[in-house]
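In: Fold the following.
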Amino acid sequence: MSYLWSVFTKPWPELPGDELGRLVAGLGFTGAEIPVRDTAYVTPATAEAELPKFAAQLRAEGVEPISIASDLSEATFAACAQAGVPMIRIMAPLGPDGYVASVRRTRRLLEETAALAEQYGVQVGVQPHHGKFMSSSLGVMQLLEGLPGQFKVVWDAAHDALAGDDPAITLELVRERLGIVNLKNVKYVEADGGWKPWFVQAGEGLSDWSAVFRHLQDFTGPICLTGQYSDPSVPVEERLRADLQAAVTSSLADPSGG
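Out: All right, here's what the predicted structure looks like:
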């Protein structure tokens with residue numbers, strides 16, 4: 001199986017597309033997810049004008065934009081369509097009014113968005129996320145039930161582990177809607193009399209990346225390393241180089257290849 005090895009470029013929010021493309025390519029990646037946020041180089045307010053140029057600069061360095069992390073406004077869909085970016089990644093937040101009301105609110109948003117996804121030919125990827133978001137793959141699949149095929153699951157190894165799930169089950173569960181596989185790893189550490197997630201490198205956490213690849217079956221979409229590490233003492237670039245090699249090695253351990 002051949003994968004598009006990608007990286008979430010959140011660690012370098014200030015870099016323009018040409019510099020970012022050279023950095024990402026130099027780390028060994030050929031794909032990238034771009035944050036389109038107020039704190040990033042491309043913002044929601046500037047996306048329609050800037051995202052096509054930014055994406056073209058990445059491609060000139062051999063890096064294909066796989067998605068953006070942003071909102072679901074029409075301007076964002078239009079920017080993705082103009083830039084040739086296939087997906088907008090979001091999460092499903094849980095508000096103070098509780099889980100059921102939060103799910104209903106997000107479902108209404110997605111239903112309203114369906115026309116934009118169809119009009120602009122851009123997918124919406126929903127990622128499970130530990131904490132104040134819908135955290136399970138099952139929850140996200142239920143959220144997307146009955147929606148058009150443009151609505152995908154962005155499966156995440158670390159958040160799957162934090163939910164106490166097994167990739168043998170969840171990857172099969174989301175198979176029909178699987179759009180991107182996020183790779184990061186995590187463990188719990190003791191803090192302030194309790195426990196908190198601590199994001200670590202490939203072989204140090206709760207997620208077994210080799211097991212992930214054993215259960216990807218015929219998935220041919222992007223594999224995205226998110227570049228999230230809780231310990232800042234080692235440069236993120238150094239960690240990503242090591243984790244990319246670990247991911248490739250894990251994929252090759254699967255009998256289907258990598």
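In: can you pull out the helices in the stretch 51-200 of the chain?
Out: Taking DSSP state H, counting those that start in this stretch, the helices of the stretch 51-200 of the chain run over residues 74-83, 99-120, 137-144, 157-162, 167-173.
In: right, so those helices: which one is the most enclosed?
Out: When those are scored by mean count of other Cβ atoms under 10 Å, the highest mean neighbour count falls to helix 157-162 (a mean of 24). For the C-beta atoms, the positions are set from N, CA and C on the backbone; glycine is no exception.
In: Quick one, which of the helices of the stretch 51-200 of the chain gets closest to residue 238.
Out: Evaluated over those, closeness to residue 238 peaks at helix 157-162, with 19.2 Å, by Cβ to Cβ.
In: quick one on the thing from earlier: how about the helices of the stretch 51-200 of the chain, which one is nearest residue 250?
Out: Checking these against residue 250 by Cβ to Cβ gives helix 157-162 as the closest, at 10.4 Å.
In: still on that earlier bit, looking at the helices of the stretch 51-200 of the chain, spot the one closest to residue 188.
Out: Per Cβ to Cβ, nearest to residue 188 of the helices of the stretch 51-200 of the chain: helix 157-162, 8.4 Å.
In: by contact count, what packs against that closest one?
Out: If you count contacts as 3 or more Cβ pairs under 8 Å, 6 or more residues apart in numbering; DSSP states H and E, helix 157-162 packs onto helix 167-173, strand 178-183, strand 185-191, strand 194-200.
In: Dump the C-alpha coordinates for it into CSV.
Out: Output of helix 157-162 as CSV, limited to C-alpha atoms (Å, rounded to 0.1, in the frame of the first residue of the first chain):
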residue,chain,number,x,y,z
ALA,A,157,-4.6,7.3,16.9
ALA,A,158,-3.9,9.2,20.1
HIS,A,159,-7.5,10.3,20.7
ASP,A,160,-8.7,6.8,19.9
ALA,A,161,-6.4,5.5,22.6
LEU,A,162,-7.6,8.2,25.0
